[in-house]
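**Q** Need a 3D model of the sequence below.
(3 chains)
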Amino acid sequence: MIQIFGIPIQALMGQILLGLVNGSFYAVLSLGLAVIFGLLNVINFAHGAFFMLGAFFAWMGLHYLGVSYWVMLLVSPLLVGVAGIILERGLLRHLYQLDHLYGLLLTFGVVLLMEGFFRSIYGVSGLPYPVPSALQGGIDLGFMYLPIYRLWVVVVSLALCLGVWLLVEKTQLGALLRAATSNPKLVEAFGINVPLIVTLTFGCGVAMAGFVGVLAAPIMQVSPSMGANLIVVVFAVVVIGGMGSILGSIVTGLGLGVLEGLTKVYWPEAANTVVFMIMVIVLVLRPAGLFGKQA
Amino acid sequence: MTTPMLEISDLHAWYGEAHVLHGVNFQVHQGEVVTLLGRNGAGRTTTLRAVFGLLNRREGSIRIGGQEVIDWPAYQIAHLGLGYCPEERGIFPGLTCEENLLLPRKLRVQGGQAMSLDEIYQLFPNLHERRYSPGTRLSGGEQQMLAVARILRTGAGLLLLDEISEGLAPVIVQALAHLIRMLKERGFTIVMVEQNFHFAASLADRFYVMEHGRIVREVLASELSEQQAMLDELLGV
Amino acid sequence: MNKKFAISLAVFAALCALPFVGAYPVFIMKILCYALFACAFNLLLGYAGLLSFGHAAFLGGAGYATGHALAVWGMSTVQGLVFGVMVAAAMGVVFGALAIRRSGIYFAMITLALAQMAYFFFMQAPFTGGEDGLQAIPRGSILGIDLNNDLALYYFVLMVCALSFAFCSRVVNSPFGYALRAIKENEPRAISLGYDVERFKLIVFVLSAALAGLAGSLKSLVFVSVTLADVVWHMSGLVVLMTLIGGVGTLLGPVIGALIVVVLENKVGEFGQMLASATGWNGFELLGQSVPMVIGLIFIVCVRLFRQGVVGELAHWLRTGKSP
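**A** Residues are numbered from 1 along each chain as shown, chains lettered A, B, ... in the order given. Purely as a prediction, here's the structure:
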């Protein structure tokens, strides 16, 4: 049996895969956070709560209506997107002229409300969600066992990230978004309904969070606090990577996920905090973030 | 007497808490070129921004083609056929020259002369050469051309131009003057804010002088030579 | 004697008299500790314009330090308190030095992340007792008076808090305080005037951390226990809420905010039941059982409609006779 620094290679590769899975979540969530921040100048504290909402909608769909994973993969993000649009239109947009911190505070209140609501109905412990039958099982590669579902999660998340990157950098709609991020008033002067674009972008950003929530449901337990601990790590990811670049968010998210996985193997006590430690190091050496343009 | 294309009555405007426009009144008729003169801080740029709804707080009356728009958001005002060239040119960073040109959509206004991308490139060959360059890497003159070209893409008939000759070499300023004259011949209505008096004098039909957020004088092009002394004093030129 | 001083004296006198009119000393001490916590936080947010989302780290950190010093090392009460404050101040130096490297929203995110790091540290470190926390912390005595007597502790805590508020008031109205406000209003201007902005920010951060630590140390004495609940991010959010409700950037605001929040936490269950029976809607009862939900709602309402907080709105109303 091959060992790397005293750890059997199967265990190591397994953790790296798990790290990639977590990293995919970090990447998609930090991407959504960055896109929303770029356009709205609001840090959406509730991003983790929308992630949780996506997972819960999937669970509720299966549990109450018998709707399959595959359908909920499409429907859940839509529902989450609608919830996001209601939040943006109803509450957030009135804060744009004020200090950016108010947006952070409002979304913090939303987190407490949403998590508190689900906790009061479903309690604290996680609800199980089965892996869809088509994705069950795994492939034995010799040096590791590859669960199909985890591979699926990583591939789909990466595809989503790449899709967003293509949209923003290579299409006309993306050009519109980039222009509106730098000078929204002038874009309005060209007759483009920027407030509508802002609303839809927020909706899409949180829909992305809801989407990975569905992906996460069979892996993590579906619980009201599943987004809370994740979002703080995502904040650290964003500080490390900087919010200026899409590719930067993706690379940073994935990289940190893998690093976290490796830490779990070689230095388990530090696994919870390694991302924060890296954040500290990056702050000392390169305050603007690894890929950051000064925000 | 036809409806003025743009009619401003008792316009007050605020930047945050600061009260910047104290009751501005003027009119612009179809096909005219009108210039707003005045020292820095007189409120000329603010007036253009107020017309386009880019300020948070305005009071008074702004009528475009007879339509009252004081409460309208900027993107709705644009569709009445307005185009804006801001003082800082507003070239979108992160977008190429061509992406900047493709961004504006044809406005919903009837009878606009929206130019196609090919027509723009014919009019501005140097933009065609630099079309894949990032917009902010163009020279000052090219950026100014790009800014004007952008609004010609929309079919806007009423153009608000803020200091388009600022900081440009005389050769380019001449090219701009030529462009404005051509637009005037095609029937565009233009409101210009200009520091460069000679540039403005060669193009405008009428001049308004602003001071402390108000219009204090109106001068016709035909009266320019007589009023020269008064203008020199007011503008401190 | 000027009006503000007279009012403060009156409030102090009233607080001294409270236990004799039937109020539970422990309950009021809880409010006092949170009020000090909020005051410390407000120093940073209201006067320096820096939103820290990780202040619980200082509250709990000092609590653990004091608790450990008193229970395990057998330090005297005063020694234990001083130790707790010093630990909080040290954390403040480290957190502050890192967080100040960025500004605005990034600052808030960094403080949150650092506090989360502290949370995991406290969760795993053996000396904190992990999930169970520190229990049965000996209160010790001051000048021979046994602090296990709730009334005796009450006056001690009241004295310490009163002195701390007075200190805060002095800081805010000192040249240092004015410089801070200048930095908050217009940082580039302050820099151009020659102020070492980074140093000012760090100093106020450490001050705020130390005072928050004092609140945490006192709290560990009052409840003779410290748990993870004192370092979790909900606690950081709670102090933000207290300051927001009370009125950011006012001296009295945090105190009022702490009062409101503590009363709310205790009474929300009853209130919910009352509303449920009054309106017949069971949802109120559900709401009453979930403190986070109510707090979240209040947060949202405050940010949307009520940004000046109680004290701010009241002050505005008194000045102009109408609501802002």
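**Q** which ones are touching residue 124?
**A** Reading this off chain A. Listed by CB atoms under 8 Å, 6 or more residues apart in numbering or on different chains, the contact partners of A:Val124 are A:Ser223, A:Pro224, A:Ser225. To be clear about C-beta, it is placed using only N, CA and C from the backbone, and glycine gets the same treatment.
**Q** ah, no, chain B please
**A** Applying CB under 8 Å, 6+ apart to B:Phe124 gives the contacts B:Met145, B:Leu146, B:Ala149.
**Q** Can you add neighbour count and distance to C:Phe107 and give the contacts of A:Val124 back as JSON lines?
**A** Below are the contacts of A:Val124 laid out as JSON lines (neighbours: other CB atoms under 10 Å in any protein chain shown; distance: CB to CB, whole Å):
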{"residue": "A:Ser223", "neighbour count": "20", "distance to C:Phe107": "30"}
{"residue": "A:Pro224", "neighbour count": "26", "distance to C:Phe107": "28"}
{"residue": "A:Ser225", "neighbour count": "16", "distance to C:Phe107": "25"}
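**Q** Where does pLDDT dip in the stretch 1-150 of chain A?
**A** By pLDDT under 70, the low-scoring segments of the stretch 1-150 of chain A are A:1.
**Q** what are the ranges of the strands in it?
**A** A:3-4, A:7-8, A:138-140, A:145-147 (DSSP state E, counting those that start in this stretch).
**Q** go on, chain B?
**A** For chain B, strands defined by DSSP state E occupy the ranges B:6-15, B:18-28, B:33-38, B:57-64, B:67-68, B:82-85, B:158-162, B:189-193, B:206-211, B:214-220.
**Q** who touches the shortest one?
**A** Strand B:67-68 is contacted by residues B:Ser61, B:Ile62, B:Leu80 when judged by CB under 8 Å, 6+ apart.
**Q** mind listing what the closest residue to C:Val204 other than its chain neighbours touches?
**A** Spatially, and ignoring its direct neighbours in sequence, C:Val204 is nearest to C:Ala48 (4.8 Å; CB to CB, 6 or more residues apart in numbering or on different chains). C:Ala48 sits next to C:Leu180, C:Ile183, C:Lys184, C:Phe200, C:Lys201, C:Val204, C:Phe205 when contact means CB under 8 Å, 6+ apart.
**Q** now C:Met235
**A** C:Ala56, C:Leu59, C:Gly60, C:Ala229.
**Q** Residues contacting stretch C:257-271, please?
**A** C:27, C:30-31, C:34-35, C:37-38, C:238, C:241-247, C:287-289, C:291, C:294-295, C:298, C:309-310.
**Q** mean confidence for that stretch?
**A** Stretch C:257-271 comes out with an average pLDDT of 85.
**Q** Can you mark which positions in it are buried?
**A** Of the residues in stretch C:257-271, those scored as buried under the neighbour-count criterion (16 or more other CB atoms under 10 Å in any protein chain shown) are C:Gly257, C:Ala258, C:Leu259, C:Ile260, C:Val261, C:Val262, C:Leu264, C:Val268, C:Gly269, C:Phe271.
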